[in-house]
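Enquirer: predicted model and sequence follow; I will ask about them next.
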Amino acid sequence: SSVNYFILNISVPMEFDGEVVIKSDFGQLFNSLRRLFSDKKRIKFEHPKFEKVFEVFAADEDLARRIITLSFCDNLLSVRKLFPKIFGRTPFLLAAFHDGSFSLVVENSDIFALKFLQTTPKKIEAVCRHLIARMGIIKDVVDHLHGDY
């Protein structure tokens with residue numbers, strides 16, 4: 001099974017200049033190495049569950065705090081639960097507010113890539129059902145980000 005990425009880009013209903021990046025936590029060692037090569041400052045939030053799972057980086061701390069509210073933290077945590085585990089672990093997320101939009105990149109297992117090579121009608125139907133359900137994730141992600149779930 002290969003790994004691909006689910007990418008969503010939506011406009012943000014507020015104007016801002018700058019960039020705020022949200023990355024999945026990779027553990028103390030890898031996080032330390034990542035910070036060494038970052039040109040942005042790590043911003044911490046008063047949300048223990050969010051802090052355990054994500055790290056936020058921005059050159060402008062005020063912008064980061066204005067964009068990333070506590071409810072946004074809750075919503076992004078709930079988005080993670082929409083995606084199935086990959087090889088027994090939760091997929092990583094990378095998100096960024098930039099150029100008036102919000103981009104979300106989610107590691108996503110391509111569980112049906114090889115199944116297209118297996119052409120029995122039953123397997124084709126299962127693959128098509130999975131693809132339709134997968135397309136529904138887009139609406140679910142937007143609803144979770146807006147808090148409408």
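Expert: Structure's in. What do you need?
Enquirer: how many other residues sit next to Glu46?
Expert: Using other Cβ atoms under 10 Å, Glu46 has 8 neighbouring residues. Where C-beta positions appear, they are placed from N, C-alpha and C, glycine not excepted.
Enquirer: who's in contact with it?
Expert: Leu70 (Cβ atoms under 8 Å, 6 or more residues apart in numbering).
Enquirer: for the chain, which spans come out with low pLDDT?
Expert: 1-3, 26-38, 84, 86-87, 108-121, 123-149 (pLDDT under 70).
Enquirer: all strands for it, in order.
Expert: In the chain, the segments counted as strands under DSSP state E are 2-11, 20-24, 41-43, 54-58, 93-98, 101-110.
Enquirer: in its sheet, which strands sit next to the fifth one, and in what direction?
Expert: In the sheet, strand 93-98 lines up against strand 20-24 (antiparallel), strand 101-110 (antiparallel) (DSSP bridges).
Enquirer: just these: most buried one?
Expert: Among the strands paired with strand 93-98, strand 20-24 has the highest mean neighbour count (mean count of other Cβ atoms under 10 Å), at a mean of 20.
Enquirer: nearest to Lys85, out of the strands of the chain?
Expert: Closest approach to Lys85 among these (Cβ to Cβ): strand 101-110, 8.6 Å.
Enquirer: and the gap between Pro91 and Ile22?
Expert: 14 Å (Cβ to Cβ, to the nearest Å).
Enquirer: phi, psi of Phe92?
Expert: Dihedral pair for Phe92: phi -80, psi 150, per degrees, to the nearest 10.
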